[in-house]
Structure formats: structure tokens, C-alpha cells
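Visitor: Okay, predicted coordinates and the sequence, questions at the end:
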Amino acid sequence: MKIIVIGSGFGGIASAVRLQSCGHEVTLLEKRDKPGGRGYVYEMNGYKFDGGPTVITAPWLFEELFTLSGRDPKDYYRLVPLDPFYRIYFSDKTFFNYNGDKESILNEIRKFEPGDVEGYLKFIDTTEDIFKTGFELIDKPFHKISNMAGILPDLIRLRSYRSVYGYVSKYIRNEKLRQVFSFHPLLIGGNPFQSTNIYTLIHFLEKKWGVWYAIGGTGSIVNALLRLFNELGGEVRLNSEVDEILVENNGRPRVKGVRLRNGDRLEADAVVCNAELATAYKTLIPEMHRKKNTDRKLDSLKYSMSLFVIYFGTNRKYDNIPHHSIILGDRYRGLLEDIFINYRLADDFSLYLHRPTATDPSLAPEGCDSFYVLSPVPHLKAGVEWKTEAPKYRNKIMSFLEKNYLPGLQNHISAEHFIDPVHFRDDLNSHLGSAFSVEPILTQSAYLRPHNKSEDVDNLYFTGAGTHPGAGLPGVVSSAKIVADLIGPAK
Ligand SMILES: Cc1cc2nc3c(=O)[nH]c(=O)nc-3n(C[C@H](O)[C@H](O)[C@H](O)COP(=O)(O)OP(=O)(O)OC[C@H]3O[C@@H](n4cnc5c(N)ncnc54)[C@H](O)[C@@H]3O)c2cc1C
């Protein structure tokens, strides 16, 4: 079949590789000048910044994309394990070094609350069961109600109606430790107070298989996958924004191709859409072809938070800062409520600080560091005037970092760029400028999440953060497997 994939995020590239590997003729269309989607790489003054994903887990999901066409992934990219996975700082400057070693974790817990050791051990025991059940679902399609019926008993048994924070709190009493073991849903755009406890599986996943870094940055995995796709005979077209998914209707709507912004029309037997799901349905497919995914239905969904991210290079090194730091502010629940529920840009923030040069000096000139700092912020429903707010917000974060973590920072910056929710809306075509699309809550999961196979238009499929299983690299790469399985090999 002739297949068009719209969007070169990880979900799009992984779909393109899988479909090309099993004999289809695939063309990958990307709006921007470089591939990767949220994994776009910014290069400035000799510094390299991964735009988005930095924490690599479940490495076998990437490896499989190479082995299915008989390749050895080692010939394409190299992953190295990280220790610690993260350092989590609290506002009083105490910190928790988080890694996969049980004894080391127990020692860290003892620093804060020796009485919580026993509760933690019980907690990790239960996450194994949650992982085994939850991870099973990650690459299975959920577009039929019968798919859902099969998993309901497990969801009830695992008490998936409880939030991650609520579940962790059952086992752990110390508030700082509760934060350490409940922040994980934020990595995929979920509020720990609202996401189902199934996401505690991330803790088990990291503990058992580690947290990895791709030498050269996450962009090197994007490049590796594109190299593979080219070798398999696939075609990539950058600067090619799709304006419409063309549909013919001989009794039932069915895709027949796409129309590009420049007016070109490309025919296809099937279209795999990796462009963010809500914007794609709303702007690429006329509403007369959408009985199920109406504008009203899409507007009624809850969308995840957005992000403010500053990429910056320093002309000195900050060797005391580890690869991944999470810098928590005084407020945890209150701040998350402001972001996810009140849609209010708060005066305070919690940050994720990325310093890949702690592991890989190749991302900056010699003697220099490459960083990004990320602050979760509400999506555009908050009505923040980012044009005027962004520079102020940037200054607030950089002053905070200078005062508390990176002395002299503002005098040592030699490259800088920032993105805000408007970037997610305008450059990445994401509804409400959400960084992770449809929010991962129980009532928007599995069958209740927008489907990988369109109910409205035949031969139209969705891959990426807004569909099942959801955001994060393991999720979107698994959505590609679902789509490729649904389409099947070339006949
Ligand atoms: C700052 C940040 C940090 C993150 N950190 C991590 C992490 O450490 N680990 C992790 O696992 N996950 C992380 N995530 C989440 C993860 O990056 C995303 O969930 C995932 O990359 C999304 O992939 P996707 O397949 O949905 O495609 P996207 O990355 O959303 O890409 C979609 C692509 O479609 C293109 N497009 C849109 N509309 C059109 C159109 N009409 N025509 C042509 N092209 C179009 C866009 O330009 C874009 O390139 C992070 C996300 C962000 C934003």
C-alpha cells in the first residue's frame, strides 16, 4: 500500500519505519525544517540542545525498530545508563538521589524518614504487579469496547481509580518522600493527584531496566531511525505541512490522500496521522466526515499542561549539577492545582534541569555546559499573554537558578532560546498549546482515549501522544506498533 505518515515525532517515525519494514511504500511528511517533533534539536554557537525528551526508558522498544528489519541497533546509536536517574532537590536544599539500586534508595529514604523503609518495600512489591498488567496494554489496540471489557477486572483489582499520589501515600508518610515517588506522571503530562495509579509502573520500569541517555543526545535516536527509514527505501519530506486529509465518500468516508499547504496533492491508500490528534481532527478533516470526533467532543476532553523551556549554554562548567535534576518548590499539590485545574500561572514554580554535558561533553564546546530548564505551566486556556509574560518568566527562572544552583549564571550564558505554550500551539500544531495532548486520566485511557484507528474515516490511523496509550517515548513508540499491526504487512 501507499501510505502517508503526517508528522515526524517519535510516533510518526516509528510508524514509518515499521510500515516500510513490512513492505509498504511510505512517505513521511513533516511541517518543520527538521524531524523529531518534540524531539527537535536546537543548535546554537557550538551547543546542541535536545528540545524535548531526555529520559530514555524501555530501550528494547527502540531496539525492536531496528531488529525487525535484521539490523543491529548498535550500528545506529549508543545508549549509556545513568546513575543517579534523577536528583530531586527540595526547597530547603536537601536532596534525594534516585537510582535503580535498592540499598541506595533505602539509604536515601532513611535520610528523610527511617520509618518509611518498610512502606516503600511494600510499595515496590505492588508496582511489579501493576507494571505487568499495565505494560501489557501499552501496545494493544483499544478501539473496540470488547478490548476494554477484558481489562476491567484488572483495573478494579489494582485500584486504578486511585491517584498516583493517593496510592503512594498509602505506603509512605513523609511528604518529601511522597513527592519523590509520585512525580512520575509529570513526565508524560499527568497530574500525580489525578492520574491513575497504573502510572506507578514507571517507577518499576525505571528500577528494573534503568534510565538511559543516547550519546549525542536524544536527537541521535531520531537521526538513527531516519537513516534506517531511508535505507529501507522510505521518503521523507521536510517543510511539508499537510493542510487537509483528503476523504472520498462512496457510502462511507475513506482517505484518499493529503493536500499540502503549497497546494500539492498526494494520493495514498492509508494515512497515519502523528500530528497532534485534536488539532488534526479539527483542522485537517472537514467536520461533515466526523460523526464521532466532532469539534464538540474534542473540546470536551481534558488536555494536559504546557511547558516553558529555556535552552541555554554556559561558557563554564557546573560540575556539581547532575544530568537530571528535579527542583521542587514549596508547594506541590497547590502548584499542580494551579497548573491543571485552576489554569493559573503561579508566582512559584518547580523545575526540571537538564545538564547532558554531565554525561556527554560533545553537546557543548570544550569547558562549557549545555542545559535546559523546564517549568510546567498551564495550557492556553489560562489566557496568559505570553508575548509579554515570557521574558519576565524567563528572568524569574534564571535568577532563581543563579541564586540557588548556578552561581554567576547570567554572566556566563553564551547561547539561549526559549519556548512557551504558544510554540506548542503554533509550531507543533497542538490544541491549546498542550505539551502532551490529551491528559492521562483514567476516564481518558485505553478505550476511553481517542482511538488509533479512526471510527469516522476508513484507512485513517493515529499514532503519538493524543491517542492510546499516550505521551512519553515508550507510549508513542508503542502506538506505532499498534498502528502497524492494525494495517498489517504489504500483500
Ligand atoms: C520538553 C519536553 C520534555 C519531554 N521529556 C520527555 C522525556 O524525558 N522522556 C519521555 O519519554 N518523554 C518526554 N516528553 C514527552 C515526549 O517527548 C512526547 O510525548 C513525544 O515525543 C511525542 O511524540 P509524538 O509521536 O506524539 O509526536 P510529536 O513530537 O508531537 O511530533 C508531531 C510532529 O507532527 C508535525 N506536524 C504537526 N502538524 C502537522 C501537519 N499538519 N503537517 C505536517 N506535520 C505536522 C509536528 O511539526 C511534529 O514534528 C517530553 C516532552 C516535552 C515537550
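Guide: Thanks, I have the structure now.
Visitor: Buried residues in stretch 98-105, which are they?
Guide: Applying a neighbour-count criterion of 16 or more other Cβ atoms under 10 Å, one finds Tyr98, Asn99, Gly100, Ile105 buried in stretch 98-105. From N, CA and C alone the C-beta is placed, and that goes for glycine too.
Visitor: residues in contact with the second one?
Guide: Shown in contact with Asn99 (Cβ atoms under 8 Å, 6 or more residues apart in numbering): Asp83, Pro84, Phe85, Ile105.
Visitor: List the ones among those that fall in helices.
Guide: Mapping those onto helices (DSSP state H) picks out Ile105.
Visitor: Out of the contacts of Asn99, which end up buried?
Guide: Buried among the contacts of Asn99 (16+ other Cβ under 10 Å): Pro84, Phe85, Ile105.
Visitor: Let me see the backbone angles for the second one.
Guide: Backbone torsions for Phe85, taken as degrees, to the nearest 10, come to phi -70, psi -50.
Visitor: That one and the ligand, how far apart?
Guide: 11 Å (Cβ to the nearest ligand atom, to the nearest Å).
Visitor: just to revisit the earlier point, hmm, which two among the contacts of Asn99 are most spread apart?
Guide: Asp83 and Ile105 (11.8 Å; Cβ to Cβ).
Visitor: Could you list the contact residues of the stretch 151-300 of the chain toward the ligand?
Guide: Leu187, Glu241, Val242, Asn274, Ala275, Glu276 (Cβ under 6 Å from any ligand atom).
Visitor: Nearest spatial neighbour of the residue in the stretch 251-400 of the chain positioned nearest to the ligand, chain-adjacent residues omitted?
Guide: Of all residues in the stretch 251-400 of the chain, Ala275 sits closest to the ligand, at 3.2 Å by Cβ to the nearest ligand atom. Leaving aside its chain neighbours, Ala275 sits nearest to Gly7 (4.4 Å; criterion: Cβ to Cβ, 6 or more residues apart in numbering).
Visitor: And the strands in the stretch 251-400 of the chain?
Guide: 253-260, 265-267, 270-273, 306-314, 324-327, 351-354, 369-377 (DSSP state E, counting those that start in this stretch).
Visitor: what's next to the second one, contact-wise?
Guide: Residues outside strand 265-267 that contact it (Cβ under 8 Å, 6+ apart) are Lys2, Ile4, Thr27, Leu29, Leu246, Lys256, Gly257, Val258, Arg259, Leu260.
Visitor: just to revisit the earlier point, what would the buried ones among the contacts of Asn99 look like in JSON lines with pLDDT?
Guide: Output for the buried ones among the contacts of Asn99, formatted as JSON lines (pLDDT from 0 to 100):
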{"residue": "Pro84", "pLDDT": "95"}
{"residue": "Phe85", "pLDDT": "97"}
{"residue": "Ile105", "pLDDT": "97"}
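Visitor: what stretches of the stretch 101-250 of the chain score poorly on pLDDT?
Guide: Within the stretch 101-250 of the chain, no range satisfies pLDDT under 70.
Visitor: What is the neighbour count of Phe349?
Guide: Neighbour count of Phe349, defined by other Cβ atoms under 10 Å: 23.
Visitor: Same check on Arg178?
Guide: Neighbours around Arg178, by other Cβ under 10 Å: 20.
Visitor: ok but it is inside a strand, no?
Guide: No: counting by DSSP: H, G, I helix; E, B strand; the rest coil, Arg178 falls outside a strand, being helix.
Visitor: Wait, it touches Tyr171, no?
Guide: No: the pair Arg178 / Tyr171 is not scored as a contact, 9.2 Å apart, by Cβ atoms under 8 Å.
Visitor: Look up how far Leu225 lies from Ile4.
Guide: Using Cβ to Cβ, to the nearest Å, Ile4 is found at 18 Å from Leu225.
Visitor: mind checking the SS state of Val168?
Guide: When classified by three-state DSSP, Val168 comes out as helix.
Visitor: list the contacts for it?
Guide: Phe123, Arg178, Phe181, Ser182, Thr200.
Visitor: hmm, try it at 10 Å
Guide: 119-120, 123, 127, 162, 177-184, 192, 197, 200, 203 (Cβ atoms under 10 Å, 6 or more residues apart in numbering).
Visitor: residue of the stretch 101-250 of the chain with the smallest distance to the ligand?
Guide: For the stretch 101-250 of the chain, Cβ to the nearest ligand atom, closest residue to the ligand: Val242, 3.8 Å.
Visitor: OK, contacts around that residue?
Guide: Here Val242 is in contact with 4, 6-7, 29-31, 257-261, 266, 271, 273, 275, 280, 283-284, 429 (Cβ under 10 Å, 6+ apart).
Visitor: excluding its backbone neighbours, what's nearest Gly190?
Guide: Pro440 (4.3 Å).
Visitor: The one you found: how many residues sit nearby?
Guide: Other residues within reach of Pro440, judged by other Cβ under 10 Å, total 27.
Visitor: now the one 3 residues further on
Guide: Using other Cβ under 10 Å, Thr443 is surrounded by 11 other residues.
Visitor: Just say helix, strand or coil for it.
Guide: Per three-state DSSP, Thr443 ends up helix.
Visitor: Test my guess that it contacts Arg449.
Guide: Yes: Thr443 is within contact range of Arg449, at 9.3 Å (criterion: Cβ atoms under 10 Å).
Visitor: what touches both of those two?
Guide: In contact with both Thr443 and Arg449: Leu301, using Cβ under 10 Å, 6+ apart.
Visitor: Name all residues that make contact with the residue nearest to Asp348 when sequence neighbours are not counted.
Guide: Take Asp348 and drop its neighbours on the chain: the residue closest to it by Cβ to Cβ, 6+ apart is Gly329, 4.8 Å away. Contact analysis of Gly329 by Cβ under 10 Å, 6+ apart lists Tyr89, Phe90, Ser91, Leu335, Ala346, Asp347, Asp348, Phe349, Ser350, Leu351, Ser375, Phe400.
Visitor: Next: Leu442.
Guide: Leu155, Ser160, Tyr161, Arg162, Ser163, Gln194, Ser195, Thr196, Asn197, Ile198, Leu448.
Visitor: same check, this time on Ile310
Guide: 49, 351, 371-375, 390, 393-394, 397-398, 401, 413, 416-420.
Visitor: what's the answer for Leu335, then?
Guide: Leu328, Gly329, Arg344, Ala346, Asp347, Asp348, Phe349, Ser350, Pro376.
Visitor: Looks like the fifth one contacts Lys396 (just checking).
Guide: Yes: counting by Cβ under 10 Å, Asp347 sits close enough to Lys396 to count as a contact (8.4 Å).
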